[in-house]
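1. Build the 3D model from these lines:
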Amino acid sequence: MDLMREQNIQSAINTAQNSATLRHAAQEFNVPQSTLSDHLRGVTNRLAGQIKARKLLPVQDRFLIDWALNEEATRRTLAKAQIIRMA
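-> Down below sits the predicted model:
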């Protein structure tokens, strides 16, 4: 999500919380009313939901990928058990 869109969403949230109706805030900041409603109810976006469902942290994932590529570059064969141990 680009920065300008996120700023518009935050501005619409502030406006909706401070007095305006949800519909008015959504129109004023050009944000879909359903998106604004989801944010106010605390619904997480798709990316945040996917991160929570992952078994590895992004830094661990990057390490594992780098390790596997290094092993491949040195022509070592990787077994599934080795990858699981490294994870």
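2. Would you map the helices across this structure?
-> Here the chain has its helices, by DSSP state H, at 3-18, 22-28, 33-41, 46-53, 58-73, 80-86.
3. For the ones you listed, give me CSV that also has mean neighbour count and mean pLDDT.
-> Every residue, glycine included, has its C-beta placed from N, CA and C. Below are those laid out as CSV (neighbours: other CB atoms under 10 Å; pLDDT from 0 to 100):
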stretch, mean neighbour count, mean pLDDT
helix 3-18, 14, 88
helix 22-28, 16, 90
helix 33-41, 14, 89
helix 46-53, 9, 72
helix 58-73, 12, 91
helix 80-86, 10, 84
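4. Can you give me every residue that contacts the residue lying closest to residue 33 once chain neighbours are set aside?
-> If the residues on either side of it in the chain are set aside, residue 33 comes closest to residue 26, at 4.2 Å by CB to CB, 6 or more residues apart in numbering. The contact partners of residue 26, by CB atoms under 8 Å, 6 or more residues apart in numbering, come to 12, 16, 32, 33, 35, 36.
5. give me that answer again for 6 Å
-> Under the criterion of CB atoms under 6 Å, 6 or more residues apart in numbering, the neighbours of residue 26 are 12, 33, 36.
6. Distance to residue 71 added to those, as TSV?
-> Converted to TSV, these look like this (distance: CB to CB, whole Å):
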residue	distance to residue 71
12	49
33	51
36	48
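7. Among those residues, which one lies nearest to residue 56?
-> Using CB to CB, residue 36 is the member of the contacts of residue 26 that sits closest to residue 56, with 32.9 Å.
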